[in-house]
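Chemist: All I have is the shape, not the residue letters:
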């Protein structure tokens, strides 16, 4: 998603802060509850020992492996979105909300630094794939502040070399790769309003298809989708370039569909994405929705005064604004209870508490949804949160940078989204 943010499921490219250790026994209990205990190399089960190694199952002790998860097929799925924070994949958190699919994106210029498969985030995603999780990887080509490469140029060759490195790392392992992340946000205004954006991404797609055929044959499990369309709630963004995008999707037998990212102010605005893409898809095609949220609604209320009853209950001065409460939580984390009391005291939040449930029903009812994913955790601290900051944190299921350790020894969570996400599995 374009703009400032810190929730996995929206925000600019950034490096995340190192993960804090979770409470070992509690994390082990969460894993055991979800059926995600570890097993030692000789087959014995030892969930508590594995969890105690650091709380996150990304760091199980030597000689132990993670028991296999069985992800369902890519049909009507709701998974966990990590965005760029693939190094924050945490099996205890996934188990707590019954997630068996995950999604993130990779900044393609990072391939210049070496083999993507050996870089922490990508290696963590590949580890999860080998442990049975369903996986979606979006490829982020960042050209927002520069000209898109034209096919046949040296700059295009650089982009294709980066793509080759990523494909070599993930094909046959990751289930789904999208060609592009949010192309219309990661491209300059000049290029996204001309055929340049289509020329570039169509060339990438053709190259990826040829690479898969050449090096992985016809039995490779990885399927390709085109990257996400944004802003379709505004008719002005349904233009010649998006029409050509969907025409290319429908006209290429090796493309399984397209992704959408409805970050909107209401469910009817999100519906406009479905109304636009569905008539274009072939009978055998599906769509992804690897990000979605009500972020545009939350932004409208950051300068509202906090609810008087909440303020009174927690000794907060009358007239304190919503953004000021978020700022305070970011600098002196709340208990899980206080954070949830704050969220639900706002009618504009509470009145939309069924958004995940309702939106998943709409997408599934199309019969065309392959995989969706929702932001599972904050990606970074937000100590400078202000009146104009984008409140991605209000989307997050787990809120480690505004909440203290909460239920089950895991980071404090937004109980509204956590329960809705779990129920939607």
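Modeler: Looks like it came in fine. Please read all numbers here as calculations on a predicted model, not as lab measurements.
Chemist: What does the nearest residue to residue 69 once chain neighbours are set aside show for phi and psi?
Modeler: Among residues not flanking residue 69 along the chain, residue 132 sits closest, at 3.9 Å (Cβ to Cβ, 6 or more residues apart in numbering). Heads up, the C-betas are built off the backbone N, CA and C, glycines and all. Backbone torsions for residue 132, taken as degrees, to the nearest 10, come to phi 100, psi 0.
Chemist: Does residue 132 touch residue 71 like I think?
Modeler: Yes. Contact criterion Cβ atoms under 8 Å: residue 132 and residue 71 qualify, at 6.0 Å.
Chemist: Contact partners for the residue nearest to residue 69?
Modeler: Residues counted as contacts of residue 132 (Cβ atoms under 8 Å, 6 or more residues apart in numbering) are 68-71, 100.
Chemist: try 6 Å this time
Modeler: Residues counted as contacts of residue 132 (Cβ atoms under 6 Å, 6 or more residues apart in numbering) are 68-70.
Chemist: Helices of the stretch 201-350 of the chain, residue ranges please.
Modeler: Ranges of helices within the stretch 201-350 of the chain are 240-251, 267-277, 295-299, 308-313, 322-331, 336-345, 347-350, based on DSSP state H, counting those that start in this stretch.
Chemist: Return the member of the contacts of residue 132 nearest to residue 374.
Modeler: residue 69 (18.1 Å; Cβ to Cβ).
Chemist: Hmm, that closest one is touching residue 100, no?
Modeler: Yes. With contact defined as Cβ atoms under 6 Å, residue 69 counts as touching residue 100 (5.4 Å).
Chemist: Overlap in contacts, the two.
Modeler: Common contact partners of residue 69 and residue 100 (Cβ under 6 Å, 6+ apart): residue 133.
Chemist: how many neighbours does the nearest residue to residue 364 once chain neighbours are set aside have?
Modeler: Using Cβ to Cβ, 6+ apart and skipping residues adjacent in sequence, the residue nearest residue 364 is residue 76, 4.6 Å away. Counted with other Cβ atoms under 10 Å, the neighbours of residue 76 add up to 19.
Chemist: One more: residue 74?
Modeler: Neighbours around residue 74, by other Cβ under 10 Å: 19.
Chemist: just the one 4 residues further on next, same as before
Modeler: The local packing count at residue 78 equals 27, with neighbours defined by other Cβ under 10 Å.
Chemist: Going forward, the N-terminal residue is numbered 682.
Modeler: I'll keep to 682 as the first residue from here, and by that count the last item is residue 759.
Chemist: any idea whether it is helix, strand or coil?
Modeler: strand (DSSP: H, G, I helix; E, B strand; the rest coil).
Chemist: how much space between it and residue 1058?
Modeler: Distance, residue 759 to residue 1058, using Cβ to Cβ, to the nearest Å: 15 Å.
Chemist: Centre-most residue in this structure?
Modeler: residue 762 (2.5 Å; Cα atoms, centre = their mean).
Chemist: mind listing the strands for the stretch 732-881 of the chain?
Modeler: Using DSSP state E, counting those that start in this stretch, the strands of the stretch 732-881 of the chain run over 745-747, 758-764, 782-788, 815-821, 857-860.
Chemist: So what are the sheet partners of the last one and their directions?
Modeler: Each strand that strand 857-860 pairs with, and the sense of that pairing, follows from DSSP bridges: strand 815-821 (parallel), strand 904-910 (parallel).
Chemist: Contacts for the last one next, please.
Modeler: Put plainly, it is strand 904-910. Residues from elsewhere that reach strand 904-910 (Cβ under 6 Å, 6+ apart): 857-864, 889, 930, 936-942, 969.
Chemist: orientation of that strand relative to helix 948-958 in degrees?
Modeler: 130 degrees (axes from the mean of the first three to the mean of the last three Cα atoms, to 10 degrees).
Chemist: cool, and the first one?
Modeler: Between strand 815-821 and helix 948-958, the angle comes out at 80 degrees (the same axes, to 10 degrees).
Chemist: sorry, back to before: can you tell me which of the contacts of residue 813 is closest to residue 1004?
Modeler: Nearest member of the contacts of residue 813 to residue 1004, counting by Cβ to Cβ, is residue 750, at 38.6 Å.
Chemist: how about that closest one, what does it touch?
Modeler: Neighbours of residue 750 in contact, by Cβ under 6 Å, 6+ apart: 781, 812-814.
Chemist: coming back round to it: what's the per-residue pLDDT of the residue nearest to residue 1045 here?
Modeler: Per-residue pLDDT puts residue 757 at 98.
Chemist: For it, give me phi and psi.
Modeler: Residue torsions, per degrees, to the nearest 10, at residue 757 are phi 70, psi 30.
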